[in-house]
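Student: need a 3D model of the sequence below.
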Amino acid sequence: MYGAEISDADTVSSQLFKNFSIPAYNYGVGGFGPVQTLLRIKEKMAQRSEVKLVVFGIMFGNIRRMTNHYRPVLAKNTRNIFGLKPFVKDRKIVPMPIIKQNAAFLHYANSAFSNDYWRRPKAEFPYTFSLAKARLSESGKRLVDKGIRRLNGRPSRPLAYDYADEYLTGNLEFIIGEFDRWAPEAKKNGLVLFIPRNRADLSSPKKFVKEVGRKVKVDVRIVQGAPEEWEKYNLKPEGRCHPSHLELG
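Tutor: Next up, the predicted model:
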């Protein structure tokens, strides 16, 4: 858990040592998804035989970050325009491509807008067919659901939709399963910790966590907390991203 927007002294790892005298390494990276986290855990823990417990932190919204291989397709306002990354497809990890020429990068990035899981279909003739494709795309399904709920005066549920998506949950279960297989081989205890981004959604992965927890040996949990606690300590207004270490505590 990286600790964006707070000082080094306020990160979870620092607070563990300060309050409980538990030394902890912070290998979190801002913007990483579950695939990158898994690969980083395996890389870093190969050098840390003294580590007994590895915490695999997953923000609720990170279920969306697994299946795209070019970040701007999922997050159009990202500043990471060179955001190529490994991803998971049909329960297999697809490594990040090695690209050495500008032309090759441009080709790969542009093709992602047509082939990525979160691709947005282009508006083209015949427009009725184009609209139907947009409606059936993964991005379109979520936008329509959000619009219908807004018209009915009901709160948005973007992440609940994702945790009901069999393709996304199947791939996330695969990643957790890989972590579960790695932990005993590396002689580590494992904890998978699902972290809400704010009080707006404290339970979307609840069913998924319960079901996956029955299948693996590592502990799988959701960070708990009363809504008023999340409201008090959240770093940003509702609907935004990062909780503070006070929330996680």
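Student: if you count contacts, what does the biggest helix by length in the chain end up packed against?
Tutor: Assignment by DSSP state H gives helix 166-185 as the longest helix of the chain. Judged by 3 or more Cβ pairs under 8 Å, 6 or more residues apart in numbering; DSSP states H and E, the packing partners of helix 166-185 are helix 34-45, strand 53-59, strand 87-89, strand 189-195, helix 206-215. Backbone N, C-alpha and C define where each C-beta goes, glycine included.
Student: check what contacts it and list those residues.
Tutor: 34-35, 38, 41-42, 54, 56, 58, 63-64, 66-67, 88-93, 162-163, 188-190, 192, 208, 212, 215-218, 220 (Cβ atoms under 8 Å, 6 or more residues apart in numbering).
Student: and it, average pLDDT?
Tutor: For helix 166-185, the mean per-residue pLDDT is 97.
Student: format the helices and strands packed on helix 166-185 as JSON lines; extra columns: mean neighbour count and distance to Ile81.
Tutor: Converted to JSON lines, the helices and strands packed on helix 166-185 look like this (neighbours: other Cβ atoms under 10 Å; distance: least, Cβ to Cβ, whole Å):
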{"stretch": "helix 34-45", "mean neighbour count": "18", "distance to Ile81": "18"}
{"stretch": "strand 53-59", "mean neighbour count": "20", "distance to Ile81": "22"}
{"stretch": "strand 87-89", "mean neighbour count": "20", "distance to Ile81": "17"}
{"stretch": "strand 189-195", "mean neighbour count": "19", "distance to Ile81": "27"}
{"stretch": "helix 206-215", "mean neighbour count": "14", "distance to Ile81": "32"}
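Student: kind regards, and thank you for your time.
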